[in-house]
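**Student:** Model the following, please.
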Amino acid sequence: MSNLLETPTTVNELEKWIDAQVTDPLHPEMVMVELQIEQFPGVREGGDLFEVFAPVICKPGLLRPRLEAWVKATYGNDHWLANWRTVPSTRQLKAENDYKDEI
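**Tutor:** Numbering: from 1, shown residues only. Sure, this is the predicted structure:
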């Protein structure tokens, strides 16, 4: 049995969980973000690089500083945000295509 209080364990489950939180797919209250996190001393010097998918609540302001602060708070000072991108949901992509068709 699926419960929204359970932690999603796959990207698919995370997308469905986020989608359930969103009332308007053209203006989502929450998005999925893919983060690439690098560990000291850096990938070129033998450090680690890994990806994390996370839900992010949409708020006014820049997203990168919030993500950088989250990485430091979660993984410590020897990790940093190497790259990130938002991952649109299937519902959001469909809503955008439908909106373009109306114009």
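**Student:** pLDDT at the residue nearest the centre of the chain, what is it?
**Tutor:** Within the chain, one residue has its C-alpha closest to the average C-alpha position: by C-alpha atoms, centre = their mean, that is Val33, at 1.6 Å. Val33 is assigned 94 on the pLDDT scale.
**Student:** if we look at stretch 79-86, which residues are touching it?
**Tutor:** Contacts to stretch 79-86, defined as C-beta atoms under 8 Å, 6 or more residues apart in numbering, come from residues 31-40, 43, 49, 63-64, 67-68, 71-72. (Glycine included, C-beta is placed from N, CA and C.)
**Student:** Now, those residues that are in helices?
**Tutor:** In helices, defined here by DSSP state H, the members of these are 64, 67-68, 71-72.
**Student:** ok, Trp70 - contacts?
**Tutor:** Applying C-beta under 8 Å, 6+ apart to Trp70 gives the contacts Ala54.
**Student:** let's have the chain start at 16 instead
**Tutor:** Let's use 16 as the start, then, which means that last one is Trp85.
**Student:** before we move on, what SS does Leu96 have?
**Tutor:** With DSSP: H, G, I helix; E, B strand; the rest coil as the basis, the three-state label of Leu96 is strand.
**Student:** thinking again about what came up before, format the ones in helices among the contacts of stretch 94-101 as JSON lines; extra columns: distance to Thr38.
**Tutor:** Shown next, in JSON lines, are those (distance: C-beta to C-beta, whole Å):
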{"residue": "Arg79", "distance to Thr38": "26"}
{"residue": "Leu82", "distance to Thr38": "24"}
{"residue": "Glu83", "distance to Thr38": "29"}
{"residue": "Val86", "distance to Thr38": "29"}
{"residue": "Lys87", "distance to Thr38": "32"}
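**Student:** so which of those residues is the most crowded?
**Tutor:** Ranked by the number of neighbours (other C-beta atoms under 10 Å), the ones in helices among the contacts of stretch 94-101 place Val86 first, at 21 neighbours.
**Student:** Verify the stated contact: it with Glu53.
**Tutor:** No. With contact defined as C-beta atoms under 8 Å, Val86 and Glu53 do not form a contacting pair (9.3 Å).
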